[in-house]
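I need the structure of the sequence given here:
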Amino acid sequence: MSNRDACQAFRAFIQSAEFPCVGAKSALARDALTIITAGNIQRATDDVELHRALAEYNRSLDLDSPVVQSFVAIFDGPADLDEEAFETALWDRLQCLHNLDVAAGTEWNESVDPDPGSPHFSLSIGSEPYFVIGLHPNASRPARRFERPALVFNSHEQFEKLREDGRFQKMKSIIRQRDEQLAGGINPMLADHGEASEARQYSGRAVGDNWKCPFQAKEVA
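Below is the predicted model of the structure:
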């Protein structure tokens, strides 16, 4: 899939009337989505390029902008992964991105916890904290069902600024209401930052209380 085709497919996905995330719709309308393409999500082939692209995105991220911004990585495949296989691939890619940070001597962002079991966890890449949303064709939640595996990186600090000025709560309520209408029920994995680990939400798969995140943060030598 070319970058152009990927952009067009993702734009159509976000623009669909059923898609519940009004934040993504706003970002699309204001040209605030950065989209790149990669190969197989189960392989490390494009991890270095993805890490480089995220580092470049970090430098361009305007946390004072009222516009919601997101970084999207769309993978060529596989398109037939079940939810557990996709979850494994997602955490493999995030672990590899973190390992590249460690190799480069990049510290974890101090505002969030590196322990994926902590209610204050957020993924840190290039010292920028992110909430990650996984999309793939076989997701159980309709809002997560995109034609290719994809990872959407949303700035944690951006969400905090939206929370501070009062927009986050309103946006969250609208999104959750629309998602419930689309799926026919409430997403059982939803929780606010500080209530439960957001790592449980990344892949979109419903996990039980005994689920353990496979990610492990490492210290910079």
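
Now the phi/psi pair for the residue nearest to the spatial centre of the chain, please.
Nearest to the mean C-alpha position of the chain, by Cα atoms, centre = their mean, lies Val132 at 2.1 Å. Here is the backbone geometry of Val132 (degrees, to the nearest 10): phi -110, psi 140.

For the protein, which segments count as strands?
Taking DSSP state E as the test, the strands found in the chain are 33-40, 70-77, 123-125, 128-135, 150-155.

picking that back up, wait, doesn't the residue nearest to the centre of the chain sit right on His156?
No. Val132 is beyond contact range of His156, at 10.2 Å (criterion: Cβ atoms under 8 Å). (C-beta placed from N, C-alpha, C; glycine too.)

quick revisit: residues in contact with the residue nearest to the centre of the chain?
Each residue near Val132 by Cβ atoms under 8 Å, 6 or more residues apart in numbering is listed here: Leu90, Leu94, Leu123, Leu151, Val152, Phe153, Asn154, Tyr202.

could the residues you listed go into CSV alongside pLDDT, distance to Leu182 and neighbour count?
Below are the contacts of Val132 laid out as CSV (pLDDT from 0 to 100; distance: Cβ to Cβ, whole Å; neighbours: other Cβ atoms under 10 Å):
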residue, pLDDT, distance to Leu182, neighbour count
Leu90, 98, 22, 26
Leu94, 98, 26, 24
Leu123, 98, 26, 24
Leu151, 98, 21, 25
Val152, 97, 17, 23
Phe153, 97, 23, 24
Asn154, 93, 19, 21
Tyr202, 96, 20, 24
